[in-house]
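Q: What shape does this take:
(3 chains)
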Amino acid sequence: MSPFQEAVYAVCRRIPRGKVSTYSDIARVIGKPRAFRAVGNALNRNRSKSVPCHRVVRSDRGTGGFARGRKAKMALLRKEGVNITRGKVSESCFFRFV
DNA sequence: CTAATGACCATTA
DNA sequence: ATAATGGCCATTA
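A: Predicted structure coming up:
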């Protein structure tokens, strides 16, 4: 695993159940604010159950992609209590890494 | 080394 | 509202 990938997964693991973060936020937290696209790539390759990669969405609050399809991603999120209406995640569901 | 590829983002039409 | 565009960056061929 590359150091970049390790960093992305480490941050992703901190997102609590029922909350979400964005590709952009993760990129910023790992100190590479412009690597948001690469973050998506790293998460795409994730196969570890311990990394809740479905909790990462787009900055415009859209759900974003998922290896097994957007449908599956939304189902998982809703199952943990994340509210999604008209394809957008509620503002109150965003986790802040302060 | 170069070129292509995305689970992105912001802007523009 | 959707579609296209240019930019960004780690990874892979």
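
Q: Around DNA strand C, which positions in chain A sit nearby?
A: Taking C-beta under 7 Å from any atom of the strand as the criterion, chain A approaches DNA strand C at residues A:2, A:4-5, A:32, A:34-38, A:41-42, A:45. Backbone N, C-alpha and C define where each C-beta goes, glycine included.

Q: Narrow those to just the buried residues.
A: By neighbour count, with 16 or more other C-beta atoms under 10 Å, the residues of chain A next to DNA strand C hold A:5, A:35-36, A:42 as buried.

Q: Spatially, which two of the residues of chain A next to DNA strand C are the most separated?
A: Spatial extent of these (C-beta to C-beta) is set by the pair A:Arg34 and A:Arg45 at 19.9 Å.

Q: For chain A, just list every one of the helices.
A: A:3-13, A:23-29, A:36-45, A:70-79 (DSSP state H).

Q: what's in contact with the second one?
A: Identification of contacts with helix A:23-29 by C-beta atoms under 8 Å, 6 or more residues apart in numbering yields A:8, A:11-12, A:33-40, A:43, A:56-59, A:64, A:97.
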